[in-house]
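Undergrad: 3D model of this:
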Amino acid sequence: MFSGIVAALGRISKIDKREGGVRLGISASRLGMDDVAIGDSIAVNGVCLTVVVKGATSFEADVSAETLACTVGIDAAGEVNLEKALRLSDRLGGHIVSGHVDGVGEVVKFEPAGESMLLRIRAPDALARYIARKGSIAIQGVSLTVNNVDGPEFEINLIPHTVSVTTLKLLKPGSRVNLEVDMIARYVERMLGATH
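TA: Okay, the predicted model is just below:
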C-alpha cells in the first residue's frame, strides 16, 4: 500500500526485454535505498513493482507484458515518480493507494491557473463513475483531489510544490497518464450491488 505522496524522482535507465515482459533498471539515488530489501514494493509512476535486484542507489524490477499493456510511463527511459510502500507507522498524507492501475487517461488541458496549474483529464468511460468531486484519485502515482467532474472528464488544481517535485510538470494535452481511482468507491459499489 502507498499514500500517493511521491518521495523522489528517479529515472528508468535500463530496459531489458525478457520473455513475457521486461526488467527495468531504475536509478533512485534521491529515494534512499538503505531500508529497501529485495522483495519490497516501490511504486513507479503509480505502478507497484517488486524489487528483484538492489544496488546502493538503484533497483531492478520485472514488469509483465500484462502490466505493460494496461499502464503508461514504465516502458521507456525517462523520469519517474517513486514511492516506497507504507509502513504501519507512516503518516497517510495522501489517500490509500494500492499501486494497481485501473486505466489510462488522456490529458485534455494543462495550463496555468494563477500560481497553480489546471489539469483536465479524460478518463476511460468505465472508470468515470468512480471519480467524484472532492474525491481522491492517483495520477502517475500522485494522490490528488478532484475539483470538478464533467462526464468522463475531471479537473485537478496542482499547487506549485506538487508540480515541481513530480513528473506531472512534463504533461501536455495528449499525454497519457496512469489512473487509480479511490478504492473506497469500488468497495461501496460492490457492497451496494450485493444488496440488490
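
Undergrad: Name the next helix or strand downstream of whichever helix or strand A138 is part of, please.
TA: Per DSSP states H and E: A138 is located in strand 136-139. Using DSSP H and E, the helix or strand that follows strand 136-139 in sequence is strand 142-150.

Undergrad: Just name whatever secondary elements the following helix or strand past that next one is in contact with.
TA: Per DSSP H and E, the first helix or strand lying C-terminal to strand 142-150 is strand 153-158. Secondary-structure packing of strand 153-158 (3 or more Cβ pairs under 8 Å, 6 or more residues apart in numbering; DSSP states H and E): strand 116-122, strand 136-139, strand 142-150. Backbone N, C-alpha and C define where each C-beta goes, glycine included.

Undergrad: Within the sheet, what are the partner strands of strand 153-158, with directions?
TA: In the sheet containing strand 153-158, its partner strands are strand 116-122 (antiparallel), strand 142-150 (antiparallel), by DSSP bridges.

Undergrad: which one of the ones you listed is the most hemmed in?
TA: Counting by mean count of other Cβ atoms under 10 Å, strand 116-122 has the highest mean neighbour count of the strands paired with strand 153-158, with a mean of 19.

Undergrad: Show me the strands in this structure, by range?
TA: Under the criterion DSSP state E, the chain carries strands at the ranges 8-18, 21-27, 41-44, 47-54, 58-64, 78-84, 103-113, 116-122, 136-139, 142-150, 153-158, 176-181.

Undergrad: With mean pLDDT and distance to L192 as extra columns, can I get these in a markdown table?
TA: A markdown table is the format used below for the strands of the chain (pLDDT from 0 to 100; distance: least, Cβ to Cβ, whole Å):
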| stretch | mean pLDDT | distance to L192 |
| --- | --- | --- |
| strand 8-18 | 96 | 39 |
| strand 21-27 | 97 | 36 |
| strand 41-44 | 98 | 29 |
| strand 47-54 | 98 | 27 |
| strand 58-64 | 97 | 32 |
| strand 78-84 | 97 | 31 |
| strand 103-113 | 97 | 21 |
| strand 116-122 | 98 | 26 |
| strand 136-139 | 96 | 19 |
| strand 142-150 | 97 | 19 |
| strand 153-158 | 98 | 22 |
| strand 176-181 | 97 | 16 |
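
Undergrad: quick revisit: now that we have the strands paired with strand 153-158, can you turn them into a markdown table and tack on distance to I38?
TA: Shown next, in a markdown table, are these (distance: least, Cβ to Cβ, whole Å):
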| stretch | distance to I38 |
| --- | --- |
| strand 116-122 | 35 |
| strand 142-150 | 26 |
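
Undergrad: domain assignment for this protein?
TA: Domains of the chain are assigned by automatic domain parsing as 8-84, 103-194.

Undergrad: picking up where we left off before, specify the stretch among the strands paired with strand 153-158 that is closest to V101.
TA: strand 142-150 (12.7 Å; Cβ to Cβ).

Undergrad: Now do that closest one: everything it contacts.
TA: Residues from elsewhere that reach strand 142-150 (Cβ atoms under 8 Å, 6 or more residues apart in numbering): 3-6, 46, 81, 93-95, 97, 128, 131-138, 154-158, 162, 166, 168.
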